[in-house]
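In: Return atomic coordinates for the entry below.
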Amino acid sequence: MTRRLVLSPAAEGDFHTILGYIARDKPGAAKDFVSKLRARCALLVSHPLVGEDCSALRPKMRRIAYAGYVMFFRVDEDVVEIVRVIHGSRDWEHEFE
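Out: Numbering: from 1, shown residues only. The predicted structure follows:
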């Protein structure tokens, strides 16, 4: 089965926010870092059951950390949806209320 990666509008906004935040201090590194985050998300297509189960937040929700950020995602039959990408120091549980 071939899965495809889908980014929620909130996740797209998260990537934009991360890019802007890093670019304030290190404009050259910002795009590279966000590209690496996106590449990590893309790996979930072939390894969709990695990470920790977070069904208590939302049904079928999982999470995986990378470089201080936590990527929340859901897996359906043919889709891996990136729901949010949130810095690990933030109150991410509040983001799902």
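
In: Quick check: which element contains H16?
Out: Secondary structure assignment for H16, by DSSP states H and E: helix 9-25.

In: Against which helices or strands is that helix packed?
Out: Packing partners of helix 9-25 (3 or more C-beta pairs under 8 Å, 6 or more residues apart in numbering; DSSP states H and E): helix 27-43, strand 79-87. In short, each C-beta sits where N, CA and C put it, glycine included.

In: tell me the centre residue of this structure?
Out: M71 (3.0 Å; C-alpha atoms, centre = their mean).

In: Now tabulate the helices and strands packed on helix 9-25 in a markdown table and tack on mean neighbour count, distance to Y21 and mean pLDDT.
Out: Shown next, in a markdown table, are the helices and strands packed on helix 9-25 (neighbours: other C-beta atoms under 10 Å; distance: least, C-beta to C-beta, whole Å; pLDDT from 0 to 100):
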| stretch | mean neighbour count | distance to Y21 | mean pLDDT |
| --- | --- | --- | --- |
| helix 27-43 | 14 | 8 | 92 |
| strand 79-87 | 21 | 9 | 94 |
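
In: Any idea which of these gets closest to V6?
Out: strand 79-87 (4.7 Å; C-beta to C-beta).

In: packing partners for the closest one?
Out: strand 4-7, helix 9-25, helix 27-43, strand 69-75.

In: now those as a markdown table including distance to K60?
Out: Output for those, formatted as a markdown table (distance: least, C-beta to C-beta, whole Å):
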| stretch | distance to K60 |
| --- | --- |
| strand 4-7 | 13 |
| helix 9-25 | 15 |
| helix 27-43 | 16 |
| strand 69-75 | 5 |
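
In: List just the one of these that sits closest to G51.
Out: strand 69-75 (7.6 Å).

In: And that closest one, how far out from the chain middle?
Out: 4 Å (C-alpha atoms, centre = their mean, to the nearest Å).

In: Which elements pack onto it?
Out: helix 27-43, strand 61-66, strand 79-87.

In: quick one: strands adjacent to that strand?
Out: Strands that pair with strand 69-75, judged by DSSP bridges, come out as strand 61-66 (antiparallel), strand 79-87 (antiparallel).

In: Right, I'll leave it there.
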